[in-house]
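Undergrad: quick one: sequence and predicted model below, then my questions.
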Amino acid sequence: MFFHPLYLLFVAPALLLAAWAQLRVRSTFAAAMRMRAPMSGVDAARHILDQAGCGHVQIEETGGMLTDHYDPRHKVLRLSSAVFHTPSLAAVGIAAHEAGHAIQDARSYAPLGLRNMAVPAAQFGPMLAILMFVLGGLFHSAGLIWAGIAAFSGVLVFQLFNLPVEFDASRRAREWLARTGIVRTQEEAGAVSAVLDAAAWTYVAATLQALLTLLYYVFLYWHVLAGHRDRR
């Protein structure tokens, strides 16, 4: 009921873009990890945060690969082990990006607040959508099916808010890396930008997939309900 081969046709552009983006992230990250920086990721993040007046933000090491993130609830910036310890351009670029999120939080950057408010919709919307689709199918209710589509749209809303947040964090990262002298040459700036730009494409792919999945549900259930009405 919820999966149809047609789904792959709908989301194929997003899946291809996501695969390409992931390959690009890994290749640019690996290349920039071999380019030395004057400090490690944790030191770069600490320096940027202190210079930006965010000394209250704590920095912790976390496991995994490219699991770096900022936790706005606890005001903690978590860096993966490779980024935390390594004095490379990849490490300082990613650390600066996450520090950019902390600076957004401290500056009350509006899109970040909107994204945070949309988190529950993105987390619980798909589960509620499935329930609505089940009930809508059982009772042949267009209202329930459209309620499910509306619930799933929370994922798209979150992704649309997420895009400007991520792009702005990368902009802040470039600015602060240059301002603090952590990145000094055009070659170094180019390597950092390559990593951040590659990561940006993963967010674009996620947004596209949310949009295409939503259109898939609209298309699928539109035809199911139309066929039911015709049989009546």
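TA: Cool, got the structure.
Undergrad: buried residues in stretch 210-220?
TA: Judged by neighbour count (16 or more other CB atoms under 10 Å), stretch 210-220 contains these buried residues: 210-214, 216-217, 220. Every C-beta, even on glycine, is put in place using the N, C-alpha and C of the backbone.
Undergrad: then stretch 19-37?
TA: Residues 21-22, 24-25, 28-29, 32-33, 35, 37 are the ones in stretch 19-37 that count as buried (16+ other CB under 10 Å).
Undergrad: re the thing from before, list just the nearest of the buried residues of stretch 210-220 to Gly143.
TA: For the buried residues of stretch 210-220, the minimum distance to Gly143 (CB to CB) is 14.8 Å, reached by Tyr217.
Undergrad: low-confidence ranges, the protein, go.
TA: Residue ranges of the chain with pLDDT under 70: 1-3, 223-232.
Undergrad: do that again at 50, thanks
TA: For the chain, the stretches with pLDDT under 50 are 1, 228, 230-232.
Undergrad: so Arg172 is in which element?
TA: Element membership for Arg172 (DSSP states H and E) is helix 142-179.
Undergrad: other SSEs contacting that helix?
TA: Helix 142-179 sits against helix 41-51, helix 89-106, helix 110-139, helix 186-231, with contacts defined as 3 or more CB pairs under 8 Å, 6 or more residues apart in numbering; DSSP states H and E.
Undergrad: so which bits of that helix are buried?
TA: Residues of helix 142-179 classed as buried under the neighbour-count rule (16+ other CB under 10 Å) are 142, 144-149, 151-163, 165-170, 172-174, 176-177.
Undergrad: which residues sit in contact with the residue most central in space within the chain?
TA: Taking CA atoms, centre = their mean, the centroid of the chain lies closest to Tyr203, which sits 4.7 Å from it. Going by CB atoms under 8 Å, 6 or more residues apart in numbering, Tyr203 touches 159, 162-163, 166.
Undergrad: a markdown table for the residues you listed, including distance to Thr185?
TA: Compiled in a markdown table, those are given as follows (distance: CB to CB, whole Å):
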| residue | distance to Thr185 |
| --- | --- |
| Gln159 | 35 |
| Asn162 | 31 |
| Leu163 | 30 |
| Glu166 | 25 |
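Undergrad: can you pull the contacts of Ala96?
TA: 44-45, 48, 172-174, 176-177, 182, 192.
Undergrad: the same query, at a cut-off of 6 Å, please.
TA: Ala96 makes contacts with 48, 173, 176-177, as judged by CB atoms under 6 Å, 6 or more residues apart in numbering.
Undergrad: next one: Ser40
TA: By CB under 6 Å, 6+ apart, the contact list for Ser40 reads 85-87.
Undergrad: one more time with 8 Å, if that's ok
TA: Contacts here follow CB under 8 Å, 6+ apart; on that basis Ser40 touches 84-87, 91-92.
Undergrad: ok, and the most crowded of these?
TA: When neighbours are taken as other CB atoms under 10 Å, the top entry among the contacts of Ser40 is Val92 (34 neighbours).
Undergrad: quick one: it and Ala189 touch, right?
TA: No - counting by CB atoms under 8 Å, Val92 does not reach Ala189; the two are 11.3 Å apart.
Undergrad: now do the shared contacts for those two.
TA: Going by CB under 8 Å, 6+ apart, residues that sit against Val92 and also against Ala189 are 177, 183.
Undergrad: gap between the residue lying closest to Leu128 once chain neighbours are set aside and Gly136?
TA: With CB to CB, 6 or more residues apart in numbering as the criterion, Leu128 has its nearest non-adjacent residue at 4.2 Å, and that residue is Ala151. Per CB to CB, to the nearest Å, Ala151 is found 11 Å from Gly136.
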